[in-house]
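Undergrad: need a 3D model of the following:
(4 chains)
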4 protein chains.
Amino acid sequence: MRKAIKIVTIGGGSSYTPELMEGFIKRYDEMPISEIWLVDIEEGKEKVEIIGKLAQRMWDATPYNVQVFTTLDRREALKGADFVTTQFRVGLLDARIKDERIPSLHGMLGQETNGAGGMFKAFRTIPVIREIVEDMKELCPVAWLINFTNPSGIITEAVIKHFGWKKCIGLCNVPVIAMMNEPKVIRKETSELNYQFAGLNHFHWHKVFDTEGNEVTGQLIDHINEKNGGTPANIFQAEFSLELLHSMNLLPCGYHRYYYAEREMLEHSIEEFKKGGTRAEQMKEVEASLFEIYKNPDLNKKPEEINKRGGAFYSDAACECISAIYNNKGIHMVVSTQNNGAIPCLNSDSIVEISCRISDKGAEPIAWGEMGSFEKGHLQIMKAMEECTINAALLGDYGMALQAFTINPLVQKGSEAKQVLDELLVVHEKYLPQFKEKIAELKKQGVASKDPVVIELMKNGH
Amino acid sequence: MRKAIKIVTIGGGSSYTPELMEGFIKRYDEMPISEIWLVDIEEGKEKVEIIGKLAQRMWDATPYNVQVFTTLDRREALKGADFVTTQFRVGLLDARIKDERIPSLHGMLGQETNGAGGMFKAFRTIPVIREIVEDMKELCPVAWLINFTNPSGIITEAVIKHFGWKKCIGLCNVPVIAMMNEPKVIRKETSELNYQFAGLNHFHWHKVFDTEGNEVTGQLIDHINEKNGGTPANIFQAEFSLELLHSMNLLPCGYHRYYYAEREMLEHSIEEFKKGGTRAEQMKEVEASLFEIYKNPDLNKKPEEINKRGGAFYSDAACECISAIYNNKGIHMVVSTQNNGAIPCLNSDSIVEISCRISDKGAEPIAWGEMGSFEKGHLQIMKAMEECTINAALLGDYGMALQAFTINPLVQKGSEAKQVLDELLVVHEKYLPQFKEKIAELKKQGVASKDPVVIELMKNGH
Amino acid sequence: MRKAIKIVTIGGGSSYTPELMEGFIKRYDEMPISEIWLVDIEEGKEKVEIIGKLAQRMWDATPYNVQVFTTLDRREALKGADFVTTQFRVGLLDARIKDERIPSLHGMLGQETNGAGGMFKAFRTIPVIREIVEDMKELCPVAWLINFTNPSGIITEAVIKHFGWKKCIGLCNVPVIAMMNEPKVIRKETSELNYQFAGLNHFHWHKVFDTEGNEVTGQLIDHINEKNGGTPANIFQAEFSLELLHSMNLLPCGYHRYYYAEREMLEHSIEEFKKGGTRAEQMKEVEASLFEIYKNPDLNKKPEEINKRGGAFYSDAACECISAIYNNKGIHMVVSTQNNGAIPCLNSDSIVEISCRISDKGAEPIAWGEMGSFEKGHLQIMKAMEECTINAALLGDYGMALQAFTINPLVQKGSEAKQVLDELLVVHEKYLPQFKEKIAELKKQGVASKDPVVIELMKNGH
Amino acid sequence: MRKAIKIVTIGGGSSYTPELMEGFIKRYDEMPISEIWLVDIEEGKEKVEIIGKLAQRMWDATPYNVQVFTTLDRREALKGADFVTTQFRVGLLDARIKDERIPSLHGMLGQETNGAGGMFKAFRTIPVIREIVEDMKELCPVAWLINFTNPSGIITEAVIKHFGWKKCIGLCNVPVIAMMNEPKVIRKETSELNYQFAGLNHFHWHKVFDTEGNEVTGQLIDHINEKNGGTPANIFQAEFSLELLHSMNLLPCGYHRYYYAEREMLEHSIEEFKKGGTRAEQMKEVEASLFEIYKNPDLNKKPEEINKRGGAFYSDAACECISAIYNNKGIHMVVSTQNNGAIPCLNSDSIVEISCRISDKGAEPIAWGEMGSFEKGHLQIMKAMEECTINAALLGDYGMALQAFTINPLVQKGSEAKQVLDELLVVHEKYLPQFKEKIAELKKQGVASKDPVVIELMKNGH
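TA: Take a look at the predicted model:
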C-alpha cells in the first residue's frame, strides 16, 4: 500500500488555494492526503492564516481526516514532502502593478507574463525558486515540484535545466480552458475530441481530431473569434485573422493575440490603462473582496467569486497532475516539461509546453515533429527570449537583460525600451539582489519612475 | 455508431493467420468485424485455402457472424478496407533459405532480418509493398496499414517516407515478448511495470520503472542471461556482458546479441548451419506439419503447435493495435512509426521503433531525448544502413547495395562480402526486377551459387 | 590557356553599370573579357542604350578590345555566357515608391529591403528570376550567376534551393563598406585586420582580429555610433546601445538599427516621409540627373556623382568575386551562399551571408559555430520570414503572405498590417501574376490605395 | 615588428625531430625562431640528447643563430613558449608492441591507431596531455599547441573540448601525402588541383577539382589501387572496390581500407604478425639504426633514412601550420579542429579533420554540408567510438571502455574482445593510473598476457 501524502504549497496565502483544496477533496478517494502545509512569507502572514482556516473548514466538512498547517518557515514545511506546489508571487500584486504601469506609461504593453512585465516577473522569481530547490534537495529529495508560478515555462526551465531538479512539472490553465470550452462551439464534449498541443507556455498551438481520427482543427478555427471560446477571460479578444490561422491549420492559444494582433492589443492595453489603470490594480481590489469572503467562519467550500480571478482551473489541473503521478494513470495532459526532441526545432534540454503522458515517471512529451517556417521561427525567437531572460536573472547581467528586451517581440526596441528596463530595475530593487550593482549605478544616474502610483507604492516599502 | 470493420490480410496464407483470427475473436465485443479477406498469390493458393477454411471454422465456433473470404485478387479484396495487415514473404521460405545459406557458406551470419539476408529481404519486399500502397491509394484511401512483414522497420520507412502512406504502423513481437517475460524474473506482473522503449526495429533499448516511479532497469539487467527472459526463442542466447549493460543502464533487445556478442553469435550460427542447415530449412518443415494440422476439419481454434514458429504474439499485437485505433484507447504500445524528433539523433522523418500512445490518430511517439554516445552512434549507423538498403531497393542501384553491405556491422567487409552480394542478386533474380541489368551483367561474368541446395531450389523455379 | 569571358548583365540599364564597367576595366589583365551584354526590358530601353554607349566609351578609352552589346532579348544575350550578373528592379523605381509609401501611410516602416517593402520586392522578383534561371539552364548551363538584385539573400535562396541553380552567389555592399570604413576608426588599414562575418543578407554580425590574432571587436564597437563608420549612407544612424553590443561582443550591420532601435528608426522614417516623401522618390530624381550626366558623349569614365546612389561598391564586389572564381584565388569574401552547416542553428540548405573562401569551386562558407541565444533567435525568425516570403512568392499563397507579414519583426501585426498587404497586392497587380486571383478578389472587395502619388503612378500604367 | 619565436617540442627525443628542424630551417626567413626546446622524460634522456646535438649541428650549418636546448623539465621549457608541438609516445615503442601483439594473438587487428591498440594509445596519452595543458595554462597562456601525437583527432578533442585549450590544432600526414601523390596519377601538380577534405582523423574523405572548377574525383578513384598513390606506406593496400567509391564519388583515406576491406586487412595483419611480429617491433629496429646514424658528429642535416619511418611529412606540416598562423597566411590546410557545424551530422563542439583556412585566428573549418547516409552513419559511429574512448580515459571507467570496444568497428565484439581489453589494461598498468582499481581487480582474477614477448617486456619494467 502506498503511504499517505504530504502536500506543501509555497505561496499558500494565495487566493487560489481554496480551489486547490477543492481539487484535493474531490480526489481524496484515489489520493489519500494526510497533511497539507501552506507556506507564506511575513508579508503574507494574515492572508495565509485566513486561507489556512478556510482550508481546514473545507476539509472538516468532508469525511476525511486531513490536517492543514500554516507556517512562515518553509524549511519546516518541506521536510518529507511528497508534492510541493508553488504559486507565489514575489513582491505580491504591488510588484505586478509596477510591471504593468511602467511599460504602459512608455506606450508599451503592460502585461503580467508577456513583454517587459513578464521578464521582470522572471527576474524576481528565479532567485527565490533557486532557494526553494536548494531546500528541497536537502529536505525532501524525492518530492515532485508542481510549479504554477508564472512565467511558468521560464520558471520550470530554471528549475530543471539550471538548478537540476528533474522532478518538476510546470502547469498552466490555458490549455485546460481551451479543452473545456472549445468543444462546445462545435457541439461536442471534451471527451469526444483528441487534442495535441505543442509550443511554449503562453505560446503554443494545438490541433484537434474527433474520435474517428478526422481532423476538426479547421472547424474550430472558424469559431475562434466567438466569445467564450478557448481564450482565458483576462485576455482582450482582438480578432484573429482566420485566413492566417487556416493557412497554418493550427489553433493558437489566447496569448497569441499579443503577437498576431499586436497593434490592436497594444492599443487596447493603453486605452484600458488610461481609463482604469492596470489589471493588477483591479486584481488587488478583487483579492481584497475575496479575502473578506474567505474570512466568513461559516464558509466551508470554494466560493463562486473566485472565478473572477484569471487563474481558474490552474489548481484543479495541479491536483489532476498530482493524482496522475501518484496513480500512474498514463493520461494526456498539457504541461511544461523537458523537450527531449518532441519539438525538434528547439534544444532537447529546453522546457516546452506540450501534450504529455503523465504517469509515475512524470511527464513524457509526445513528439510533435517538424513545424512550418512560421511556427518554427516564432517558437525559436520566443525560446531565445526566455533563455536571455533566464541568463540575465541568474547572473544579474544587465547586457543580457538588454538582449532579452531587444529580442522580445512585444517590446518596442530602442532607447525607450532601455528606459523601461532601467526604471523597472530601480523600482524592483528590493527583489533583485542579483542586479544590485547595476541598480545602484542607475540610481546614481537619476533613473527613477515619475509615476505617482509607483512612487506611492515605493514609499510604502514595496 | 461506428460501422462494422473490413479487414484485409495480405499474405493471408501465412501460418500465423490462426493467431490473428484468435486475436480478432477475443476482441470482437469491442471491435465488431464484418468481413475478413485473406489475400495470397498463385503460389500460395493451396495454403490460403486451408487457412481460409480453418479461419471460417474458428469464427463459426463463436457467436459472431463474420465471413472469411480468400482470394488471389488483391484489388478485389482491398476495396473499402478499414485495416490492411501485411504478413507476406516474397519468395516464400525458399527465398529465406537462400538468404541464410549464402552468407553462411562465406563464413558470415545467415539470418533472416539481420546482415546480408535482412537486406535482401528488403530488396525483394519493397517493390511489392509499393504496389500494395498504390492499390490502397485507389481502393481504400482511408485504411490503416498494419505492417508486420519483415524487416518491419525498413518496410515501414519505405511505406511512410517514400511511398507517402502516413497511416501505416509497423509491428514486431520483440517488445511484446520482453514486456511479457521480463517482469517474472523480478516477480512482478507486466501491469506492475512501466516501460519506455526507443530505437529501431530489432535494435532498441528500454528502461523499466515500478509503479512508484523507481527505476528497476538495473535489476532486470542482472537477470538478462537467464533462459525465458525477454529474448525471442529463435535467437541464440550468447551471454551479454552485464558490465556493458550496467554502464548503459538500458535493457537491449534480444537481437542486440548479434552486435554485442558478434563473435559468439557468428560462431554459433556457422556451427548450427554445418550441423543442420539454416533455420529457414527447419521452419519449412515446421510449416509443412502445421498445415497438416490446419487441414483437420474438426479443428476450430488456434492449435498449440503454432508457438513453435518464431513469430508468436505478432498477430495478437496487430489485433491490439487495431483495436486501440478503432476505440481511441490512448494506450502504450511499442511500434514502428515516424520519429518526429522523439529520438533527436535521428532525422524527424525517419521511422523508429518506440513507445507510443496509440489512439484514433494512430501512433504518437513519446520523446526519449538525447542518447549516450554508445547508443547514439550505433543507432545512427543502423539507420544509415537502413537508408542505403532502401535506396538500393528503390533504385536497383548496385553501388548503393555495396554501400549497404559495407556499412552493415554484421557483414565482414571486403571482396568476399561483394561475392555474397553478387550471388544473392543472382539467385533472387526472379524477385529483383529493379536490379535486372546488374544481374544480367553478373551472370555474364559467371557469378552463381555453387551450393547444391540453392541450385536445387533454382531448378524448381524458386 | 583560359578562354576569353562573356559577361551578361540583366538589368544592364541600371545606373550602377558604370561602376561595374570600371571594375572590369581595372581587372582586365587578370580577367580578359571579350564581350559584355547589357540586357533590359522594353521600359528600360532608353536607359540601357545610354548606358551601353557610355560603357563602350569607357572601354574605348582603355587599351582593351571589349565590345558592349545592348539588347532587349535576354535569350540572345545569355547564349554561351560565362558570368551572368543580375541587378534588375521589377517595376523600376515606381514600384519601390509604392513599397515605401504604403507602409509609411499606415505608420509602418517604408523601406526597400526590410519590412513590408522588402517582402514585396521579393514577390515581384522571384517569378522573373525563375525565368532567367530557366533560360540559363538551356542557354549557358555552366555559367555563374552573380546576383545583386535585392533582397539579395532571398533571391539567392530562391535560385539555389528552389530553382536548383547551384552556381549562384549573392552579393551585397554592406560587408564591403564595413571592411573599408571600420579600420579607419582604430587607425588601421583593411589589410591589417582579419574579419569573420555570419548571418543573413542585411542581418549579419562580424568579429574582427588584428594580425597577431587579438580580437579588436570591442574597440570597434566603441566607435560604432560615429559618422562614416561601417554603415551604408542610406540608413539613418539611430544610436546603437553600446552595452547591448558589448554583451554580444559582435559588430552588427547597419541594417540592425531597424531591429535594435526599432522605435527611433520608425519615427525617423515617418518623419522623413512626411517631410520629403520616400527615399525612392528622391532616388528617382538622383537617377534622372545621373542619366543626364551619362548622356554626355565626352564622358568616358565612371562619374563621381554615382556615389550618391546607395549601392556603391556593389558592382566592384561583383567584379572581384568573378575574378576570384576565374583565377581560383582562394580569397576571403562575404557573400550569400548555401549554409552547409556553417551556421548550425539554420538548415544546411538555407542561404546565408557569410565569410567564404572564393575559388573556382565557388563560395565555400567558413564555419562559424554555435551562436548565443540572442543572435540565434533573431537569425531563426528572420530566416523563417524569408522562407514564408519565398513560399508566398512561389505559390501566390495569400495565407503564406500573411504569415510572412505576421512574422516580420518590422511589421506591426494586426488588421492594419493586413490592410498594407492587401493594398500592396492591388497596386503591384501588374508584377504579381502568381497572386492574380487573390488580387481580383481584393479589388472586388474595394481594396485600393487612396494615396494620390500611388494613384497617379497607376494611372500612368505603373 | 613581431618578436622572435620560442618553440617547445614535447617528445623532443623522437626520431622525427630532424624533419621538424629541417622544416623550421627552410622557413626561417618568414618565421624567425630564437630558441627551440626539446623536452623528454627520464627514459628518453639518451635519445633526446642525441637529437639535441644533431639539431644544433643542423642549425649551426645555417646562417641562423638558433639555440637548441634539451631538458627533462617540461615546466622549465614551457615558460613563455609561443608554439608547443607534441609528438610523444607514452610508454615508447614497447607500449605499441603490446597494443599490436595482444589483439593479434586474439585474431583481431593489431594496429597502432585503429581498433583496440588505438584506443589504448588514447587511454595512456590523455592523462599526460592533460598535465601538459595544465602546465601551459600557467606557463605560456597564449601559446598554440600543435599536436601530432596519435590518435591525433582524439587527443585534440580531449585538449579542446575537455581541457578547454582552444588554441590547439591537430595534425596528420595522411592528407598531406594524398595531396602530394595523387595529382601525379592524373599527371597534374598539387598546385593545379583544388582539394576539399572532411571527416575524422584517419577517417576522412575528399573531393578534388581542377582549376577550371571541374570535379576530377572520379578520375582519381580510377587510380586509387595503384601503388604510390595517396596511401601512407605503412598501410597494406588491399583493393578498394571502385564501384563502391564511384557510388560515393569521394576519395577515401588510406585508413579506410581497414573498414571497407575489413576481412583482407585483418587476414593480412594476422599473416604478417605470424611471419614477422608486429610493425612496432620492426619500427623499434628502424629507430635503433636511425639513432646510430643521428649520433654521427658529422651529420648536420636530416638523413634520408628517416623516410623509412611511417610519419614522413608530419613535421613539415607542423612547420607550415605554425608559419601560416604566425604570418596570417589564410592558406588551405587539412587539420583537426572544432567542427563548428562544418560537418552538420556531428556536434558543433566535436573535433573533426577538415579543410581549413589557417590564419592568425587559427584554423577555420570550411563547411562541407550534409553527407550521404553511408558517410554520415560511418562518421557518426566513429565519433561515438572516440567519445566513449575519451570518456573511459578521463574517468577510468571500465564500462565505458567496454562500450568503446563494443562500438569500434574493428574489434570483433564478444567475450574475446573483453579478454583483449582486460589483458591490455593489465599489461599497460604503469601508464593507466586512472584504471588502477579495475586493473587490481583483474589481476586478482588472474588476467594476464601469456605472450612471451609481452612477458619479457614487462619483466624489463615496461
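
Undergrad: any idea how far chain B is from A:Gly461?
TA: According to Cβ to the nearest Cβ, to the nearest Å, A:Gly461 and chain B sit 44 Å apart. (C-beta placed from N, C-alpha, C; glycine too.)

Undergrad: which other helices and strands contact whatever helix or strand A:Lys418 lives in?
TA: Secondary structure from DSSP states H and E places A:Lys418 in helix A:415-427. Applying 3 or more Cβ pairs under 8 Å, 6 or more residues apart in numbering or on different chains; DSSP states H and E, we find helix A:415-427 packed against helix A:92-105, helix A:115-139, helix A:398-407, helix A:436-444, helix A:452-459, helix C:262-276.

Undergrad: for C:Ile221, which of the ones you listed is the nearest?
TA: For C:Ile221, the closest of those is helix A:398-407, at 11.6 Å, according to Cβ to Cβ.

Undergrad: show residues contacting that closest one.
TA: Helix A:398-407 is touched from outside by A:116, A:119, A:123, A:381, A:384-385, A:388-389, A:391-392, A:411, A:413, A:417-418, A:420-421, A:425, A:435, A:438, C:241, C:243-244, C:246-248, C:259-260, C:373-374, C:377-378, with contacts defined as Cβ atoms under 8 Å, 6 or more residues apart in numbering or on different chains.

Undergrad: using the three-state scheme, assign the residue most central in space within chain A.
TA: The centroid of chain A falls nearest to A:Asn150 when counting by Cα atoms, centre = their mean (3.2 Å). Following DSSP: H, G, I helix; E, B strand; the rest coil, A:Asn150 is assigned to coil.

Undergrad: so where's the stretch 1-150 of chain A uncertain?
TA: Flagging of the stretch 1-150 of chain A using pLDDT under 70 yields the residue ranges A:1-2.

Undergrad: if you set the cut-off to 80 instead, what comes out?
TA: A:1-3 (pLDDT under 80).

Undergrad: sorry, back to before: winner for burial among the helices and strands packed on helix A:415-427?
TA: Mean neighbour counts were compared across the helices and strands packed on helix A:415-427 using mean count of other Cβ atoms under 10 Å in any protein chain shown; the top stretch is helix A:398-407, at a mean of 26.

Undergrad: orientation of that one relative to helix A:415-427 in degrees?
TA: Orientation note: helix A:398-407 sits at an angle of 130 degrees relative to helix A:415-427 (axes from the mean of the first three to the mean of the last three Cα atoms, to 10 degrees).

Undergrad: now check stretch A:168-176, is it near chain B?
TA: No: judged by Cβ under 8 Å from any Cβ of the partner chain, stretch A:168-176 and chain B are separated, with a smallest distance of 12.8 Å.

Undergrad: just stretch A:133-150 next, same as before
TA: No: between stretch A:133-150 and chain B, judged by Cβ under 8 Å from any Cβ, nothing touches; the nearest distance is 8.6 Å.

Undergrad: OK, contacts around the residue of the stretch 151-300 of chain A found nearest chain B?
TA: Closest residue of the stretch 151-300 of chain A to chain B, Cβ to the nearest Cβ: A:Gly213 (4.0 Å). A:Gly213 sits next to B:325, B:328, B:360-362 when contact means Cβ under 8 Å, 6+ apart.

Undergrad: how about the secondary structure of it?
TA: coil.

Undergrad: quick one: contacts for the nearest residue to A:Glu43 once chain neighbours are set aside?
TA: Spatial nearest neighbour of A:Glu43, chain neighbours left out: A:Leu92 (6.6 Å); criterion: Cβ to Cβ, 6 or more residues apart in numbering or on different chains. Applying Cβ under 8 Å, 6+ apart to A:Leu92 gives the contacts A:43-44, A:462.

Undergrad: hmm, try it at 10 Å
TA: Neighbour list for A:Leu92: A:11, A:13, A:41, A:43-44, A:47, A:280, A:284, A:287, A:462 [criterion: Cβ atoms under 10 Å, 6 or more residues apart in numbering or on different chains].

Undergrad: how about A:Ile235?
TA: Here A:Ile235 is in contact with A:111, A:114, A:174, A:202, A:253-258, A:265, A:310 (Cβ under 10 Å, 6+ apart).

Undergrad: okay, it: pLDDT?
TA: Note on A:Ile235: pLDDT of 84.

Undergrad: gap between it and A:Gln111?
TA: Computed as Cβ to Cβ, to the nearest Å, the A:Ile235 to A:Gln111 distance reads 9 Å.

Undergrad: identify the contacts common to the two.
TA: Common neighbours of A:Ile235 and A:Gln111 (Cβ under 10 Å, 6+ apart) are A:202, A:255, A:258, A:265.

Undergrad: from chain D, how far off is the second one?
TA: So the one you mean is A:Tyr255. With distances taken as Cβ to the nearest Cβ, A:Tyr255 is found 33 Å from chain D.
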